[in-house]
Each structure stands twice: as C-alpha cells, then as structure tokens.
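Peer 1: After the sequence you'll find the predicted model.
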Number of protein chains: 2
Amino acid sequence: MAPVKNGRYIFNEVPTGLPEPGKTVVYDDSETIDPDTVPLNGGFLVKILVLSIDPYLRGKMRGPNDKGYNPAFELGKPLNSFSVGVVVRSENPAVKPGDHLYGIFDFKHYVIEHDPSKFRVLKDEGLPWSAYVGVAGMPGETAVYAWKKYAHPKKGEVAFVTTGAGPVGATVIQLAKADGMKVIASAGSDDKVEFMREIGADVAFNYKTVDTRKVLEKEGPINIFWDNVGGETLEAALDFAALHGRFIECGMISEYNTTERYTVKNLMNIVTKELTVQGFVVGTIRPKYEEWFYSTWPKRVASGEIKYKEDRVYGLENAGQAIADVQSGRNFGKSVVIVAEE
Amino acid sequence: MAPVKNGRYIFNEVPTGLPEPGKTVVYDDSETIDPDTVPLNGGFLVKILVLSIDPYLRGKMRGPNDKGYNPAFELGKPLNSFSVGVVVRSENPAVKPGDHLYGIFDFKHYVIEHDPSKFRVLKDEGLPWSAYVGVAGMPGETAVYAWKKYAHPKKGEVAFVTTGAGPVGATVIQLAKADGMKVIASAGSDDKVEFMREIGADVAFNYKTVDTRKVLEKEGPINIFWDNVGGETLEAALDFAALHGRFIECGMISEYNTTERYTVKNLMNIVTKELTVQGFVVGTIRPKYEEWFYSTWPKRVASGEIKYKEDRVYGLENAGQAIADVQSGRNFGKSVVIVAEE
C-alpha cells in the first residue's frame, strides 16, 4: 500500500463562545502514513472507524493554565474522544489485527498505540460499532451508573429529564419508565419531542416553544431532576421540586459557551425542600459497574429493548462542525463521526 | 393572686427587609390573666421562662398565601418559637406543676395548652433552662443530626463552618474537631473570631474584614462546607471545594432579608468536583435521633465538654429587637429572651 493521507482534527485556538470549525478547531491533512510499513516499535496500528462528539469536549477547549476537571486539549495537537477503531497491524501479543478497540483515541485516521490496557476489546453483539460510543459506551454508562447510584426511584414518582433525545437523556427516560416513574422530558425541537414520546416519556415538550415552568407546575412536583443543562431550567426545577427531591447534576450545557451565565436565584429551595443535589463524573463511578455494564447492556441494546437514536456525520473533516452542532443542540440523537468504513 | 398583664409579641405586618420592632412585630400588653383562677378546661397553664430567637423565624414572617416550608405566622397573632416554660397549674394528669416543658410556645407570659405530647418534660441536668433552646435543644440537634447523617468526616480533611459563633456553627466546629478535621470558621466580628478559636477552630476569621476567598485559597480546598449563609460565601466554597466535597445546606441567611439576592455563578463545580449538596430541615431527621440526643447530649454540655455561648435579652418586650439582631448578625452566641425567672 502506498502512503495515504493521515488527516487530523486539531485544537487550534481557545474559543470564547461556540467552537468554530476552520478557526478554533481545524482539519489538517498534511501528514501521510503508510499503514503497511510504518514502524510500530512494539505497538499496534489502529484505523479509526467512529468517534464520539460529546458535550464535555467543550470544557477541554481551554488554555493550558485554565483549571478544569479533566485535562485540557493541547493547542496545535489533535482533539481526542471516545472512539472505536480496528487493529490493522500489531507487534503486541495482547492485541491482534481485526480486534475492535474502544477507548480514547486522537481525531486521526490512523494512530499508533502502545498500551493495550487503555482500551477495551469489543465483542461483536450485532450492534453497529458506532453504538459503542453512544448508548453502549460512555454516554450509556453515564446514564446507567448515575441512575443506579443516585436516583433512588420510586414507582409513581415524577422524573424530569433534560436533553431527552440525546444518548444520556434518552437512556434515562427509559430507565425511569422501567422503574415505574412518570417521566417529563424536554428537548429543543419537535422531532426530538416525538422521539422522546416514542421511547416512553409521558410528557415531552420543546423547551424553545413551551414554558418549562408551566409544564412543571402542571405535571410536577418533580422527585428526580436529571440535569444536563443548568441555568434557567435548573432554576425552574428547584421551584417545582418535591420534598426530598434528588437532583442528578450531569452537566450544564447552557453555561459552556457563554461568559454571561444565567444565575440561579432560588438555591434556598435546596434547604427548605431538603434536596440532594449530586454532581458526578462518569469516570469516577465506572470502576464499580464497568464489567457488569459491558457484559449485559450491549445485549439489551442489540435486542431492541433499549432504544437509541444516532446522528451520523461522515468524514473526519466534518468533526468540527459536529462539535459546534452538539454545543448548540442541532444534532438529533447521539452525534458520531464515521471516520471510515471497515 | 390578682390578674397580671399577659403581654404578647405579635406578628403585625409582613416585612420586606429586616423585621422592625414596633412595626412589623409589636409588643402588646392589653391582655391580663389571673394565673390562679383562669379556667383550664382540662389543660395546663404554663409560665414561659425563656424563648428562642432563631434565623428561621424570618421565613415564617410572610403573607398567608406565600409558599414556605413551614407554616407562616398569622398576622395579628403572637409569634411562636421553641421555648421552655414551667407548669403552674394542671388539670391533665400527664403534666404536673413544677414540670419544665420544652416545645413550641407562643410569645406570651402565660399560655394554656392541652396536648402534653407536643412538649418534652425536661430533666434537670444542671444546665440553665435557656440551654435547652440552644445547644441542648433544636440548634444543637440541627448540628448533631446533620453532621451525623451527612458529613462523612475523615481525619485530616478540611471543614469550613459559617456563622461559627452561633449555636449551630459553634457545635459543628466542635464536632468537626472531635472527628480530627482541620476547621476553618467564619463569623462577623472579632470577638466571635476569638470565641471560635477558643472552641477549637484552627483558622477563624471575620468575613467582614478578611476576604473569604483568600482564606479558602490558602487553607482549603474544603471537604465539608457547613452553609448557614448562602450567596457569595457559597460561591466561594464552590470554587475552593475539594473533589467529592459535601455541602451541608442548613440555611442561607444572606438571602432572608433582601429581595436582591446574590446569584451564584459557578454551580458547574457541583458536576466537575462531584459534590454532594444536601439540604435538610432538622424536624425531618429528628425522629431517628431524638431520644439518643436528649439522653446523652445535655449531660455532655453540662459537663463542660461541649461549649456554647449565649446572648441573653431580658424581657418579652425586647423579643422584636432580638429577632432583628439575629437577622443582621448583631447577636453574639445563641440569642434567647429571658421572659421570666422562676
């Protein structure tokens, strides 16, 4: 095989608002690689098939000295995210050609890795590989682990789930319904609302056209709030929370792309309603549940029991646009970039 | 005994800012009572000795249709609060003259009650009766129960306690020290700072003259935040919280007397630091621990093991000023109104 272009998607500049393809993040195809001959030095060569575009990536697009809960992307270097790749060549006996690996890879067509312990070898359960960066991967883990650990659902209680058409929210809707709850779910378009109804939401609404406070006033009070958005929605949830409500703080995307944050004015509800407001990061809970998750959950997804929606973007060169779309909610379902077919 | 005046302290008008004695709360001595002859109709006559002035009373000074977590005071009727009184006469065999009762009584000199189950008959453990509305009563319970249930202290960790000279904060400081923590404590005057040092705070500061953020930056990060104040201090605590910090949300007095609330801008720390922010109201936790508390805690206070400070105001007619002082932090120690000596 002759050398081929090995395109990379690079973190070019710290954004102040939404990331901009061609400016803050840029595609570069100046490098080449010969997959047949590139020296591996004891490592293994992986061809990236699919990579995951998630809300949290925005938090990594910061300056090297800005504090954050996970490492910042390095300026001038490729972005990285959860991905699935297939092993092309290997000099490490733990990994063999044809293995499908799940883990964090750089945004490139080909990468050379050396540490097999950083990756999970996926079993073929009949799912598209892209599902492993969504409902059967980190976002699915996020929903399942935190629900298991923090939700304490009771039959007949009310859950309010934000970003209910995304991979985390959609999974939470289904978990809450399975536990016998009444589920209120919000998202930002009418087709998302339709999807949330299909997967079981009792009350689904478009927060851009319907007043969240009016919905919660009518359908609440809410016992569980799954927060992916923060800001004004969190404030509404505080006002319409039930006594002893559980707030699962998964993310606050309303705050990621603005310096003028909506400030929540009614935190005293935490005291008077005796709320538990629990923040979490999936990586911390993962070790406890990971093996159980991967031995059971992908099968349930493959059987059709757990439903999901994918928003596929084709071509690594479109990863930047996919990132911007996720930050502004233009994706419909789990955003994945199909880098290559096998 | 001839009839005597039976003064009452009345809720007269809903305040917008601080309660004002003579306006929003007023003393009225137009009623009289003859303790020897007043008909009891099967009840018991109690002479009030001491009543408790607490921050939460402000939340009850609202209109009849304004929502709140506990019942609003009724306009034109006496205020009420935790108090200790002595039984003068009784037609109920469960209560006898000379019994000291602890519970919620109206702000009056004499009251007739009918339900003994609403009150606790106090044992004389050598404490002044006023201690039972402070460290050996509801505020002590508040500190002890929530610390037991929500703090999960670890030796060597750091606790930050606000209003550390008050009955709740001062008790929390001592509980945290007993659990081997480093304790940072704040209050609003230099004599309070001195007292907090005496009872064990490792770092005590006057938040009016010292920058809370600078103290926390130097002495933190904080594993436990005991929040009695909310607002700007809560925001600082979020910024200097440690991973997996526990925020015990007991009250937010910075918000009680203003309609222009300080709005907290950094709630995303809850997610990224995986914080547990736990609101509570003491009445909900009480049933589980109450008998244990009253059988052990007053003895520990009486022995001098647990220290406390009292701010005594003499005369029911001064209750309104005491309320205003507590809301603005002018009291030093637990505010009690001595209504009568025995």
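Peer 2: Yep, it's here.
Peer 1: Quick check: closest non-adjacent residue to the residue of chain A found nearest chain B.
Peer 2: When scored by CB to the nearest CB, chain A has residue A:263 as its residue closest to chain B, at 3.2 Å. Every C-beta, even on glycine, is put in place using the N, C-alpha and C of the backbone. Spatial nearest neighbour of residue A:263, chain neighbours left out: residue B:263 (3.2 Å); criterion: CB to CB, 6 or more residues apart in numbering or on different chains.
Peer 1: what sits against the one you found?
Peer 2: A:263-265 (CB atoms under 8 Å, 6 or more residues apart in numbering or on different chains).
Peer 1: Tell me the residues on chain A that lie near chain B, please.
Peer 2: Applying CB under 8 Å from any CB of the partner chain, we find that chain A lies next to chain B at A:59, A:68-69, A:230, A:234, A:249-252, A:255, A:261, A:263-265, A:267-281, A:284.
Peer 1: can you give me the helices for chain A?
Peer 2: Taking DSSP state H, the helices of chain A run over residues A:57-60, A:138-146, A:167-178, A:190-198, A:212-219, A:231-239, A:268-272, A:282-302, A:319-328.
Peer 1: same for the longest strand belonging to chain A, what does it pack against?
Peer 2: Longest strand in chain A, counting residues (DSSP state E): strand A:80-90. Counting by 3 or more CB pairs under 8 Å, 6 or more residues apart in numbering or on different chains; DSSP states H and E, the packing neighbours recorded for strand A:80-90 are strand A:44-52, strand A:100-106.
Peer 1: Most tightly packed of these?
Peer 2: Of those, the one with the most neighbours on average (mean count of other CB atoms under 10 Å in any protein chain shown) is strand A:44-52, at a mean of 24.
Peer 1: Now do that strand and strand A:100-106, the angle between them.
Peer 2: Inter-element angle recorded for strand A:44-52 and strand A:100-106: 80 degrees (by axes from the mean of the first three to the mean of the last three CA atoms, to 10 degrees).
Peer 1: Return the list of helices and strands in contact with strand A:44-52.
Peer 2: Partner elements for strand A:44-52 (3+ CB pairs under 8 Å, 6+ apart): strand A:80-90, strand A:100-106, strand A:110-113, strand A:334-338.
Peer 1: just to revisit the earlier point, now render the helices and strands packed on strand A:80-90 as a markdown table, adding mean pLDDT.
Peer 2: A markdown table is the format used below for those (pLDDT from 0 to 100):
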| stretch | mean pLDDT |
| --- | --- |
| strand A:44-52 | 98 |
| strand A:100-106 | 98 |
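Peer 1: For residue A:194, which of those strands is the nearest?
Peer 2: For the helices and strands packed on strand A:80-90, proximity to residue A:194 was assessed by CB to CB; strand A:44-52 is nearest, at 24.4 Å.
Peer 1: So what are the sheet partners of the closest one and their directions?
Peer 2: Strand A:44-52 pairs in its sheet with strand A:80-90 (antiparallel), strand A:110-113 (antiparallel), strand A:334-338 (antiparallel), by DSSP bridges.
Peer 1: what sits against the closest residue to residue A:139 other than its chain neighbours?
Peer 2: Spatial nearest neighbour of residue A:139, excluding adjacent residues (CB to CB, 6+ apart): residue A:167 at 3.7 Å. Residues near residue A:167 by CB under 8 Å, 6+ apart: A:134-135, A:139-140, A:143, A:308, A:333-334.
Peer 1: Of the strands paired with strand A:44-52, which stretch is the most buried?
Peer 2: Buried most deeply of these, by mean count of other CB under 10 Å, is strand A:334-338, with a mean of 26.
Peer 1: by how many degrees do that strand and helix A:319-328 diverge?
Peer 2: Using the same axes, to 10 degrees: strand A:334-338 against helix A:319-328 is 180 degrees.
Peer 1: From the contacts of residue A:167, keep the buried residues only.
Peer 2: A:134-135, A:139-140, A:143, A:308, A:333-334 (16 or more other CB atoms under 10 Å in any protein chain shown).
Peer 1: Could you identify the most distant pair in those?
Peer 2: A:143 and A:333 (14.2 Å).
Peer 1: Which one of the helices and strands packed on strand A:44-52 lies nearest to residue A:184?
Peer 2: Of all the helices and strands packed on strand A:44-52, strand A:334-338 comes closest under CB to CB, at 21.5 Å.
Peer 1: Using PDB, list the CA coordinates for the closest one.
Peer 2: Extracted in PDB, the C-alpha atoms of strand A:334-338 (Å, rounded to 0.1, in the frame of the first residue of the first chain):
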ATOM      1  CA  LYS A 334     -26.000  10.700  19.600                       C
ATOM      2  CA  SER A 335     -23.500  12.600  17.400                       C
ATOM      3  CA  VAL A 336     -20.900  10.300  15.900                       C
ATOM      4  CA  VAL A 337     -18.400  10.900  13.200                       C
ATOM      5  CA  ILE A 338     -18.000   8.000  10.800                       C
END
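Peer 1: if we look at it, which residues are touching it?
Peer 2: A:49-54, A:130, A:133-135, A:139, A:166-167, A:308-316, A:318-319, A:322, A:325-326.
Peer 1: The same query, at a cut-off of 6 Å, please.
Peer 2: Strand A:334-338 is contacted by residues A:50-51, A:53, A:130, A:133-134, A:167, A:310-314, A:319, A:322, A:326 when judged by CB atoms under 6 Å, 6 or more residues apart in numbering or on different chains.
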